[in-house]
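> Quick one, fold the following:
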Amino acid sequence: MSEAGGAARRGQEFEDGLEKGDASVAAFESHEKTILDRLQHFLHGNPTMVPVIVLLLSIAVFGFVAGGNFFSAFNLSLVMQQVSIIGILAAAQSLVILTAGIDLSVGASMVLVSVIMGNLAVKMGLPAPLAIGVGFLCGMLAGTLNGFLVTRVKLPPFIVTLGTWNIFFALNLWLSGAQSIRSQDIDATAPLLKWFGESIRIGGAQFTYGSILMVLIFAVLWYVLNRTAWGRHVYAVGDDKEAAELSGIRTNRTLVQVYAVAGLVCAIGAWASIGRVGSVSPQSFQEANLQSITAVVIGGISLFGGRGSIVGPLVGALIVGVFNSGLRLAGVDVLWQVFAIGWLTIIAVALDQWIRKVSA
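From the prediction side, this is the model:
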């Protein structure tokens with residue numbers, strides 16, 4: 001055999017060996033996918049399943065620990081009442097976080113709008129519907145201010161909303177004089193402000209109009225985010241802003257709109273909060289900003305933007321409510337309830353990081 005023929009034969013054998021090696025490696029890789037890998041892929045494609053599983057497990061565990069009272073229709077409906085305002089704020093927060101931003105001012109914005117509504121309707125005698133409408137407009141303006149500073153002045157959302165949180169809180173104290181508007185005064189002049197505090201009974205359950213409003217807000221936002229072009233733009237901006245711009249999306253306009261809608265949702269929450277508290281209190285919901293972020297994170301929306309379902313934060317808010325209710329019925333001190341929610345938040349973020357690292 002000539003030297004050229006031998007070289008050709010050896011080259012062919014080398015190529016055949018590579019093909020066999022590639023096939024064996026491929027076969028080896030296909031067999032290496034474990035149950036944990038499959039779970040990671042499943043959760044990556046269905047991020048809402050994580051909070052749903054946690055909610056079901058929480059209900060089962062606390063039902064066993066706290067006893068039969070936990071499963072009563074009244075207690076479960078009470079959980080919805082207790083989380084209704086935080087749930088509404090979580091809906092607003094979700095819109096911003098989906099764009100890879102964050103809004104630390106949602107709670108302060110909500111309380112400020114409630115003070116504006118109360119002052120206009122109770123102290124100035126403006127008709128309640130008009131006072132509520134002005135409040136909605138102020139909420140949208142507050143959100144638009146955040147969006148303008150983020151998009152036009154190019155400031156980080158964290159810094160912007162931390163600053164406006166202080167601004168809104170100061171305005172709140174200035175307008176209210178750090179004084180609450182009493183329930184009796186609202187009843188005498190503008191009872192419509194407390195409408196969302198009224199309730200209906202269904203069997204043994206008691207639902208306030210505020211808790212029903214929370215569910216309706218999430219339903220509307222789910223439709224908008226999943227069935228409209230604007231919703232797809234929101235996800236695209238959060239996933240990769242530069243790529244979204246290259247595809248023709250006006251990203252700055254979308255961001256301003258997101259912050260404005262979030263402000264409107266906060267204003268709706270302000271109206272509901274008056275019914276929930278029974279008065280207009282400038283000192284109420286001081287931890288609402290962090291609680292709304294907690295519900296969003298536990299609900300499976302990624303802090304990095306562009307991933308997660310709007311339904312998740314609703315489930316996340318219910319998880320927090322179930323934890324608080326179950327631990328309270330079990331006789332656990334409030335301090336340890338906060339301790340448990342803190343660990344739950346850390347675990348949720350760690351789980352999100354793990355899911356994001358899913359291999360192809």
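> Every contact and neighbour count from this point should use C-alpha atoms.
Will do.
> which residues of the stretch 51-200 of the chain fall in helices?
Remark: helices of the stretch 51-200 of the chain, listed N- to C-terminal, are 73-98, 106-118, 128-151, 157-176, 183-189; assignment by DSSP state H, counting those that start in this stretch.
> Quick one: distance of the last one to the chain centre.
The one in question is helix 183-189. Helix 183-189 has its C-alpha centroid displaced from the chain centroid by 33 Å (CA atoms, centre = their mean, to the nearest Å).
> Please apply the same query to the third one.
Taking the mean C-alpha point of helix 128-151 and that of its whole chain, the gap between them comes to 20 Å (CA atoms, centre = their mean).
> Pull the number of nearby residues for residue 153.
Other residues near residue 153 number 10, with proximity taken as other CA atoms under 10 Å.
> let me fix that: residue 299
Applying other CA under 10 Å, we find 33 residues neighbouring residue 299.
> and it, what is it in contact with?
By CA atoms under 8 Å, 6 or more residues apart in numbering, the contact set of residue 299 is 48, 50, 51, 311, 312, 313, 314, 315, 316, 317.
> So for residue 286, what's the pLDDT?
Here, the pLDDT recorded for residue 286 equals 82.
> whoops, I mixed them up, residue 22
pLDDT, residue 22: 51.
> so what's residue 83 up against?
Contact analysis of residue 83 by CA under 8 Å, 6+ apart lists 211, 317, 318, 320, 321.
> Show only the entries of those residues found in helices.
Mapping these onto helices (DSSP state H) picks out 211, 317, 318, 320, 321.
> now the first one: how far from residue 70?
To tie it back to what came earlier, the one meant is residue 211. For residue 211, the distance to residue 70 (CA to CA, to the nearest Å) stands at 19 Å.
> do the same with residue 76
7 Å.
> for residue 288, same thing?
Relative to residue 70, residue 288 is positioned 25 Å away (CA to CA).
> Can you tell me which of the helices of the stretch 51-200 of the chain is most buried?
Here the criterion is mean neighbour count by mean count of other CA atoms under 10 Å, and of the helices of the stretch 51-200 of the chain the winner is helix 106-118, at a mean of 30.
> just to revisit the earlier point, which one of the contacts of residue 299 has the most neighbours?
Comparing the contacts of residue 299 by number of neighbours (other CA under 10 Å), residue 317 comes first, having 34 neighbours.
> which residues sit in contact with that one?
Residue 317 touches 83, 86, 87, 90, 292, 295, 296, 299, counting by CA under 8 Å, 6+ apart.
> ok, now with 10 Å
Contact partners of residue 317, counting by CA atoms under 10 Å, 6 or more residues apart in numbering, are 51, 55, 79-80, 82-91, 291-299, 323.
> Could you do residue 111 as well?
With CA under 10 Å, 6+ apart, residue 111 has these contacts: 117, 168-169, 172-173, 266-267, 269-271, 273-274, 280-286, 288.
> which of these are buried?
For those, a neighbour count by 16 or more other CA atoms under 10 Å gives the buried set as 117, 168-169, 172-173, 266-267, 269-271, 273-274, 280-282, 284-285, 288.
> Mind checking which of those are in helices?
Among the buried ones among the contacts of residue 111, DSSP H puts 117, 168-169, 172-173, 266-267, 269-271, 273-274, 288 in helices.
> so can I have JSON lines of those residues showing distance to residue 129?
Formatted as JSON lines, those follow (distance: CA to CA, whole Å):
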{"residue": "117", "distance to residue 129": "9"}
{"residue": "168", "distance to residue 129": "23"}
{"residue": "169", "distance to residue 129": "24"}
{"residue": "172", "distance to residue 129": "21"}
{"residue": "173", "distance to residue 129": "24"}
{"residue": "266", "distance to residue 129": "17"}
{"residue": "267", "distance to residue 129": "13"}
{"residue": "269", "distance to residue 129": "15"}
{"residue": "270", "distance to residue 129": "14"}
{"residue": "271", "distance to residue 129": "11"}
{"residue": "273", "distance to residue 129": "16"}
{"residue": "274", "distance to residue 129": "14"}
{"residue": "288", "distance to residue 129": "26"}
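> one step back: which neighbours do residue 76 and residue 70 have in common?
Listed as contacting both residue 76 and residue 70 by CA under 10 Å, 6+ apart are 59, 322, 325.
> quick one on the thing from earlier: out of the helices of the stretch 51-200 of the chain, nearest to residue 196?
Between residue 196 and these, the shortest gap by CA to CA is with helix 73-98, which sits at 10.4 Å.
> and the closest one with helix 128-151, angle?
Orientation of helix 73-98 against helix 128-151 (axes from the mean of the first three to the mean of the last three CA atoms, to 10 degrees) gives an angle of 40 degrees.
> Helix 73-98 - what's its average pLDDT?
On average, helix 73-98 scores 92.
> and what of stretch 236-244?
So the average pLDDT for stretch 236-244 ends up being 93.
> Now do that stretch: distance to the chain's middle.
The answer for stretch 236-244 is 20 Å, by CA atoms, centre = their mean.
> Could you give me the buried positions within it?
For stretch 236-244, a neighbour-count test (16+ other CA under 10 Å) marks 236, 237, 238, 239, 241, 244 as buried.
> Contact partners for residue 250?
233, 237, 241, 244.
> Name the helix or strand for the residue nearest the centre of the chain, please.
Nearest to the mean C-alpha position of the chain, by CA atoms, centre = their mean, lies residue 296 at 3.2 Å. In this assignment (DSSP states H and E), residue 296 forms part of helix 288-298.
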